[in-house]
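**Student:** A predicted structure for the sequence below; I have some questions about it.
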Amino acid sequence: MSEAKRPKRYDRAYFDRWYRSGKSRIEGNAALRRRVALAVAITERYLERPIRSALDVGCGEARWRAELLRLRPKLTYRGIEPSEYAVERYGKSRQIVRGGVADLPALGLHGPFDLVICADVLHYLNDAELRSAVPELARRTAGAAYLEVLTSEEEIEGDKRALNLRSSALYRQLFAAAGLTDVGSHIWLSPGLAEVPAALERR
């Protein structure tokens, strides 16, 4: 069976290939550190206080957790991940529960959260899943949501299997319909902060 047709498995081999191997990994630790620092800084700029909580949807092995706690040691972190391997290995030590975006309503997570992270996830959902996921993410966002998505308008590196590339315009429409406000760099403010950014801070 070809790789394209083989069922996708988020097992140890998957995480080794894309997050640990020097040749194939999609992002190094320094790049991740910069992304986390950016998300924290922008969220706190609009909340006007340090963040206290984060929800990481599709968190994998919870790579964001260590960087968030390095910046905000008292932060409450919750991760959601469909990978059986990741949850069995790191669930208890890294506060990860088993599930995907579609499971958010049933997981009983306390929220909303100051920062909601959904990075490299939405472009693997089908259309119906995407349209139901975005409002659920918005409902759990008290400060900002970091929604990193690949679109049909850029060259793609990394895991391309089961990838659903859509236009940036479609994502902007879905996020705005959920009450989120674009302030750039994949960061969208919660409905409660919609009036805070100045005109030139909005995109």
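**Tutor:** Perfect, I can see it now.
**Student:** Would you mind pulling up the elements that the longest helix along the chain packs against?
**Tutor:** Longest helix in the chain by number of residues (criterion: DSSP state H): helix 29-47. Judged by 3 or more Cβ pairs under 8 Å, 6 or more residues apart in numbering; DSSP states H and E, the packing partners of helix 29-47 are helix 63-71, strand 113-117, strand 141-146, strand 187-189. No exception for glycine: its C-beta is placed from N, CA and C like everyone else's.
**Student:** Between these, which one is closest to Tyr77.
**Tutor:** helix 63-71 (5.0 Å; Cβ to Cβ).
**Student:** pLDDT of that closest one, averaged?
**Tutor:** In this model, helix 63-71 has a mean pLDDT of 96.
**Student:** and it, what does it pack onto?
**Tutor:** Using 3+ Cβ pairs under 8 Å, 6+ apart: helix 63-71 touches helix 29-47, strand 53-57, strand 76-81.
**Student:** how about a cut-off of 7 Å?
**Tutor:** Under the contact definition 3 or more Cβ pairs under 7 Å, 6 or more residues apart in numbering; DSSP states H and E, helix 63-71 sits against helix 29-47, strand 76-81.
**Student:** Buried residues, it. List them.
**Tutor:** Under the neighbour-count criterion of 16 or more other Cβ atoms under 10 Å, helix 63-71 has 63-65, 67-68, 71 buried.
**Student:** can you list those in CSV and add distance to Leu32?
**Tutor:** Formatted as CSV, these follow (distance: Cβ to Cβ, whole Å):
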residue, distance to Leu32
Arg63, 6
Trp64, 7
Arg65, 11
Glu67, 6
Leu68, 11
Leu71, 12
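**Student:** Now stretch 32-44: buried residues?
**Tutor:** For stretch 32-44, a neighbour-count test (16+ other Cβ under 10 Å) marks 32, 35-36, 39-40, 42-44 as buried.
**Student:** hmm, who's touching it?
**Tutor:** Contacts to stretch 32-44, defined as Cβ atoms under 7 Å, 6 or more residues apart in numbering, come from residues 50-51, 63-64, 67-68, 71-72, 114-115, 143-144, 146, 183, 185, 187.
**Student:** show me what contacts the spatially most central residue of the chain?
**Tutor:** Centroid-nearest residue in the chain: Cys118, 1.4 Å away (criterion: Cα atoms, centre = their mean). By Cβ under 7 Å, 6+ apart, the contact list for Cys118 reads 57-58, 137, 145, 147.
**Student:** Give me the spatial nearest neighbour of it, chain neighbours excluded.
**Tutor:** In this structure, Cys118 finds its nearest non-sequential neighbour in Val57, 4.5 Å apart by Cβ to Cβ, 6 or more residues apart in numbering.
**Student:** State the number of residues packed around the one you found.
**Tutor:** 26 (other Cβ atoms under 10 Å).
**Student:** what bridges to it?
**Tutor:** Counting by DSSP bridges, Val57 is bridged to Ile80.
**Student:** Scan the helices and strands of this protein for the one with the lowest mean pLDDT.
**Tutor:** helix 12-15 (a mean of 59; mean pLDDT, DSSP states H and E).
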